[in-house]
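[1] My questions concern the predicted model and sequence given below.
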Amino acid sequence: MQTDIRQAIETALRELGLNEVDFVVEHPAEIGHGDYACNAALAAAKAAGQSPRAIAEQLLAKLSGKINEVEKIEIAGPGFLNFYLTRLWLADQTAQINEAGEDWGKNNSWQGKVVIVEYTDPNPFKELHIGHLVPNALGESLARLFMFAGADTKRVTFQGDVGMHVAKAVYGLKINGETAVAGFDASALGKAYAAGSTLFETDEAAAAEIKALNKIIYQRSDEVINELYDYGKKVSLEYFEQVYAVLGSAFDHNFFESVTGLVGQKLVTAHIGDVFEKSDGAVIFKGEDYGLHTRVFINKEGLPTYETKDVGLIQCKEEWSQAVTGKSFDLTITVTGTEQQEYFKVTTKASSLLQPELAGKVELVPNGMLRLSEGKMSSRTGNVVRALDLISDVSAAAITRARDEVFVNNPNLASSVAVAAIKYAILKIAAGKDIVFDLKQSVSFEGDSGPYLQYTYARIQSVLEKAQSSGVAKYPSGQSAMPNDPYQIEKILYRFPEVITEALVERAPHKVVTFLTELASSFNTFYAQEKIADPSDEYASYKVELAKAVGQTLKNGLWVLGITAPERM
């Protein structure tokens, strides 16, 4: 509908001799001011040499009766045009939502295209902490938005399985007496990394050993170290999969620095002299030539740096895409911390010079930091909050808050609610901004929380069951079965596909969160004011269909956010 109104306005402007007017068609801040509003008259007034009001009156004359689904158009303020949709069109949206079901809100804007979304990116030999929950939630939602748009979407992670952090952890394992034969778990890896990091900074002899160990791990030149390393990596990956299962993420592929580093080093070495240059025993990329930072890609020891590993990653993604989809990727998105933005510009520029066919296909979506009351975490010191521990704490808080046996007797539901609480708290904030996690607010069932959205959906399912058992008949078509004036919630429902499109284009899942929260609030107001499942009410059938449409919209929207929609709560 938004597109139809825009096209009608563009036609009217051309008929008035006003071309290339930059205007917007959007929803008014107040529902009572119409379903859509347009500033075309204000935007065209200066070029036309007329007042906005005069232009608005001419547009009104041109548009009246031209858009079938628009019941009336009014001029407001200095020259805004407010559009009111017909009662029948709004009612028809309810029917279309229920007919579309799980496909409601989907579009084909990325149909036939391959999109690789890289996110979470935990490093083996470290525990997955709450900082990883931010890119996980954001990346999962972005992947689902692309899926909703018809893309062949691939979820991947990129993991640092080599480097100084691994050397510190393996050193820590050695001094802690851990062996592959005896076995150890992920928590032992966390302790080993903290121990190795501390010694690296406080003990010169230990630091020298760790540096030597780093090269041994790269070269795989020591069988005992290889055995310890391989087992530690296996433990890490199995642990990550356990956390992913709780979070509702399933990755198609894991890329590793041990592989991409070799690929990147080969690319960099082949382009010394045209893209890279030698400097003081290292190989650098002169970013200053492109308004960026100069960075080292191969260090003095001949080892690839993070920059080279990331350049190699782009090539590995391309080769993997060709192997699994039969074509080049159309876009690869990396979700990572805001502090990486300038660094990412350097590696992306270097990659574009090495692989010009992939230029413009690499994008970063920054994520902010998740903060708790104790402040910033540090895996170096071991003072971290593990992701699973936070989920457990939020689960316990949800059970306490609800005081309902359904939670006590169903730990999976409690975990689902906890994940919803955490993801909502992350995704309601625009990408790139820091998040302050408030545990009490996160488990609220009264608004502005993931559990509130889940509870509203479950309430609707209960209402639908009650309607069926009380004998409310299926809604018959025809205006007589519905009230003359639309319910407020009908003026929100139809906007869902627009919100989905905006959220994808702007890489902004927070817009979906805002919409769903408004929708749930409107439904709960509707529920408080109306008897929905009363068979004696002449509008009962329509109300039930409307409730069903709201439930479907909530379910689809929650899916986009990576949040489950429980049938009972």
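    Received the coordinates, thanks.

[2] contacts, neighbours, all on C-alpha from now
    Will do.

[3] Check what pLDDT Leu145 gets.
    Leu145 is assigned a pLDDT of 98 by the prediction.

[4] could you point out which element follows the helix or strand it falls within?
    Secondary structure assignment for Leu145, by DSSP states H and E: helix 133-148. Later in the chain than helix 133-148, the nearest helix or strand by DSSP H and E is strand 152-159.

[5] Neighbouring strands - and their directions - for that following strand?
    The strands that strand 152-159 pairs with in its sheet are strand 114-118 (parallel), strand 253-256 (parallel) (by DSSP bridges).

[6] outside of it, which residues touch it?
    The list of residues contacting strand 152-159 from outside it, by Cα atoms under 8 Å, 6 or more residues apart in numbering, reads 111-124, 143, 146-147, 250-257.

[7] Mean pLDDT per helix and strand in this structure: which one sits at the bottom?
    Ranked by mean pLDDT, DSSP states H and E, the weakest helix or strand in the chain is helix 405-408, scoring a mean of 66.

[8] among the strands paired with strand 152-159, which is the most enclosed?
    With neighbours defined by mean count of other Cα atoms under 10 Å, none of the strands paired with strand 152-159 is more surrounded on average than strand 114-118, at a mean of 24.

[9] send the alpha carbons of that strand over as CSV?
    Written as CSV, here are the backbone C-alpha positions of strand 114-118 (Å, rounded to 0.1, in the frame of the first residue of the first chain):
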residue,chain,number,x,y,z
VAL,A,114,23.6,-16.1,-1.9
VAL,A,115,24.2,-14.3,1.4
ILE,A,116,26.8,-15.4,4.0
VAL,A,117,26.3,-14.0,7.5
GLU,A,118,29.3,-14.4,9.8
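
[10] May I have the secondary structure class of Lys72?
    Secondary structure of Lys72, reduced to three states by DSSP: H, G, I helix; E, B strand; the rest coil: strand.

[11] contacting residues for it?
    Lys72 sits next to Ser64, Phe83, Tyr84, Leu85 when contact means Cα under 8 Å, 6+ apart.

[12] what ranges do the strands span in the stretch 151-300 of the chain?
    Using DSSP state E, counting those that start in this stretch, the strands of the stretch 151-300 of the chain run over residues 152-159, 253-256, 277-279, 282-285, 295-298.

[13] Out of the ones you listed, which one sits most buried?
    With neighbours defined as mean count of other Cα under 10 Å, these peak in mean count at strand 295-298, which reaches a mean of 23.

[14] After that one, which helix or strand is next? Please name it.
    Moving toward the C-terminus from strand 295-298, the first helix or strand encountered (DSSP H and E) is helix 306-325.

[15] For that next one, give me every contacting residue.
    With Cα under 8 Å, 6+ apart as the contact definition, helix 306-325 has outside contacts at 114, 255, 257, 260-265, 267-268, 295-298, 327-329, 347-348, 350-351.

[16] Take the residues you listed and keep only those in helices.
    Assigned to helices by DSSP state H, the following of the contacts of helix 306-325 qualify: 257, 260-265, 267-268, 347-348, 350-351.

[17] export these to TSV and tack on distance to Ala192?
    Rendered in TSV, the data for the ones in helices among the contacts of helix 306-325 read as follows (distance: Cα to Cα, whole Å):
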residue	distance to Ala192
Glu257	21
Thr260	26
Gly261	25
Leu262	27
Val263	30
Gly264	29
Gln265	30
Leu267	34
Val268	34
Thr347	31
Thr348	34
Ala350	36
Ser351	35
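
[18] Mind listing what's buried along the longest helix anywhere in the chain?
    Residue-count comparison of every helix in the chain, with assignments taken from DSSP H, identifies helix 223-247 as the longest. Neighbour counts using 16 or more other Cα atoms under 10 Å place 225-226, 228-229, 231-233, 235-237, 239-240, 247 of helix 223-247 among the buried residues.

[19] Ok, stretch 6-21 next?
    For stretch 6-21, burial by neighbour count (16+ other Cα under 10 Å) applies to Arg6, Ile9, Glu10, Thr11, Ala12, Leu13, Val21.

[20] any idea which helix or strand comes after the helix or strand containing the fifth one?
    In this structure, Ala12 is located in helix 2-15 according to DSSP H and E. Towards the C-terminus, the helix or strand next in line after helix 2-15, according to DSSP H and E, is strand 25-26.

[21] Sheet-wise, list the partners of that next one with their directions.
    According to DSSP bridges, strand 25-26 has these partners: strand 36-38 (antiparallel).

[22] Quick one: residues in contact with the helix or strand that comes right after the strand it pairs with.
    Toward the C-terminus, strand 36-38 is succeeded by helix 40-48 as the next helix or strand (DSSP H and E). The contact list for helix 40-48 (Cα under 8 Å, 6+ apart) reads 9, 18, 21-24, 51-53, 55-56, 59, 78-81.

[23] and the angle for helix 40-48 with helix 2-15?
    Regarding helix 40-48 and helix 2-15, their directions subtend 30 degrees when assessed with axes from the mean of the first three to the mean of the last three Cα atoms, to 10 degrees.

[24] Which parts of helix 40-48 count as buried, going by neighbours?
    Ala40, Ala41, Leu42, Ala43, Ala44, Ala45.

[25] Alpha carbons of that helix, in CSV - could you do that?
    Taking only C-alpha atoms (Å, rounded to 0.1, in the frame of the first residue of the first chain), the coordinates of helix 40-48 have been written out as CSV:
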residue,chain,number,x,y,z
ALA,A,40,5.3,16.0,-0.9
ALA,A,41,3.6,19.4,-0.9
LEU,A,42,6.2,20.8,1.5
ALA,A,43,9.0,19.3,-0.5
ALA,A,44,7.7,20.7,-3.8
ALA,A,45,6.7,24.2,-2.7
LYS,A,46,10.0,26.0,-3.0
ALA,A,47,10.7,24.7,-6.5
ALA,A,48,7.1,25.5,-7.6
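
[26] and the next element down the chain from that helix?
    The first helix or strand that comes after helix 40-48 along the chain, using DSSP H and E, is helix 52-63.

[27] Now render the ones in helices among the contacts of helix 306-325 as a markdown table, adding pLDDT.
    As requested, the ones in helices among the contacts of helix 306-325 are arranged in a markdown table below (pLDDT from 0 to 100):
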| residue | pLDDT |
| --- | --- |
| Glu257 | 94 |
| Thr260 | 97 |
| Gly261 | 94 |
| Leu262 | 94 |
| Val263 | 97 |
| Gly264 | 97 |
| Gln265 | 96 |
| Leu267 | 96 |
| Val268 | 97 |
| Thr347 | 96 |
| Thr348 | 96 |
| Ala350 | 97 |
| Ser351 | 96 |
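
[28] What ranges in the stretch 201-350 of the chain fall below the confidence cut-off?
    For the stretch 201-350 of the chain, not a single residue meets the criterion pLDDT under 70.

[29] again, only this time at 90
    Residue ranges of the stretch 201-350 of the chain with pLDDT under 90: 218, 301, 303.
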